[in-house]
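*Asks:* With the input below, show me the fold.
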Amino acid sequence: MRNPASLIDRMRLELPEMNRADRAVADVILHDIDAATRLSTKELAGKAEVSEPTVIRFARRMGCKGFTDFKIRLAQDYAIGRMYLVAERSAPAETGREVAEHVYEATAQALASAFAQRDPAALEAAVDVLNKARRIFCFGVGGSSANVAQEAENRLFRLDLAASATADPYKQRIIAATSSPDDAFLIFSVTGKPRSLVDAAEIARGIGAAVVSVTAPGTPLAERSTVVVPLIAFDEEKFFYMPNRGRYGQLFVLDCLATLIGARRMKSVAKKLWRARMTLVDLHGSTESQPVGD
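*Replies:* Reported below is the predicted structural model:
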């Protein structure tokens, strides 16, 4: 079982207690974490002036299966923590150039964080549920999650899934109460705490319907879900006027889900997507650059 602390934090914590060889490996890694994620066993051993078996033993000491697993986890931890390592802006962006840079940085950080948190097994499990559901209800509340839930409907109905979305707290409860065991709920929430979403998930589970949530692990919503696709979506707390960057992480997860479902359903929906393309051509002529999803 993995240590609950990040790999980077664990190395720093255990550094004083390490022997000379392990400390040399840790020093090289912590001196330039980004570069360390790209080093081979031989290269790291050379920089630390230790043997390659020492590097492998160090990786296992850190709770990893081997050096490859160690580098993957190191890259994930670095991506999640990078937003805190980047120097904080002391003043809000005001010019066009500053705003473009600030928004780009926030977007890149959100995507890097979502990618680092990716859980392939959870994605597969979520798609298993959604792909066989009679109906899919996409829920979210607030500016970010509600919009992503609406986008989920937009993505899924093109794949011949009976998907619908709502951000209305009353409708969410009613839909959950009138659902069936062969229905599924796809719920987005940054905090995993909105009352209507938590209640809807609990009601739906009580009826026997499946609940897939894209939210932070350990939250009330996660605890009431059949499948949790983990996502800790950071927000811009310092400059409140900034758009919520958490939505980029949510859209990343949604794209992963929709793409995986599309791959599984391609044989059955290919002809229907072609017909959809033809209806768009009839509407406003040939548009080779416009995807069916828009």
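
*Asks:* residues in contact with residue 42?
*Replies:* Residue 42 sits next to residue 52 when contact means C-beta atoms under 8 Å, 6 or more residues apart in numbering. Where C-beta positions appear, they are placed from N, C-alpha and C, glycine not excepted.

*Asks:* And residue 228, by the same measure?
*Replies:* 122, 212-213, 215, 217, 222.

*Asks:* Turn those into TSV, including pLDDT and distance to residue 230.
*Replies:* Listed next are the contacts of residue 228 as TSV, based on pLDDT from 0 to 100; distance: C-beta to C-beta, whole Å:
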residue	pLDDT	distance to residue 230
122	94	7
212	98	12
213	98	9
215	94	8
217	86	5
222	94	8
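
*Asks:* Looking at those, which is nearest residue 201?
*Replies:* Using C-beta to C-beta, residue 213 is the member of these that sits closest to residue 201, with 6.9 Å.

*Asks:* farthest-separated two in the contacts of residue 228?
*Replies:* 212 and 217 (13.8 Å).

*Asks:* neighbour-wise, which of the two wins?
*Replies:* Taking neighbours as other C-beta atoms under 10 Å, residue 212 and residue 217 compare with residue 212 leading, 26 against 16.

*Asks:* Look at the more buried one and tell me its secondary structure.
*Replies:* strand (DSSP: H, G, I helix; E, B strand; the rest coil).

*Asks:* Rank the helices and strands of the protein by mean pLDDT and give me the bottom one.
*Replies:* In the chain, no helix or strand scores lower on mean pLDDT, DSSP states H and E than helix 67-85, which sits at a mean of 73.

*Asks:* Quick check: next helix or strand after that helix?
*Replies:* From helix 67-85 onward toward the C-terminus, using DSSP states H and E, the following helix or strand is helix 96-116.

*Asks:* So which elements touch the helix or strand following that following helix?
*Replies:* Proceeding C-terminally, helix 96-116 gives way to helix 120-131 as the next helix or strand, assigned by DSSP H and E. Identification of packing neighbours for helix 120-131 by 3 or more C-beta pairs under 8 Å, 6 or more residues apart in numbering; DSSP states H and E yields strand 184-188, strand 210-215, strand 227-230, helix 246-284.

*Asks:* can you list the domains in this structure?
*Replies:* 7-89, 100-281 (the TED database).

*Asks:* Confidence-wise, which of the ones you listed is weakest overall?
*Replies:* The weakest mean pLDDT among the domains of the chain belongs to domain 7-89, with a mean of 85.

*Asks:* can you tell me which helix or strand the closest residue to residue 163 other than its chain neighbours belongs to?
*Replies:* Nearest residue to residue 163 in three dimensions, chain neighbours excluded: residue 156, at 3.8 Å (C-beta to C-beta, 6 or more residues apart in numbering). Under the criterion of DSSP H and E, residue 156 resides in helix 143-157.

*Asks:* Between helix 120-131 and that helix, find me the angle.
*Replies:* If you take axes from the mean of the first three to the mean of the last three C-alpha atoms, to 10 degrees, helix 143-157 sits at 60 degrees to helix 120-131.

*Asks:* If you count neighbours, what's buried in helix 143-157?
*Replies:* 144-156 (16 or more other C-beta atoms under 10 Å).

*Asks:* just stretch 12-26 next, same as before
*Replies:* 14, 18, 21-26.

*Asks:* now do stretch 251-268
*Replies:* 251-254, 256-258, 260-262, 265.

*Asks:* Nearest to residue 166 among these?
*Replies:* Of the buried residues of stretch 251-268, the one sitting nearest to residue 166 (C-beta to C-beta) turns out to be residue 254, at 16.4 Å.

*Asks:* Noted, bye for now.
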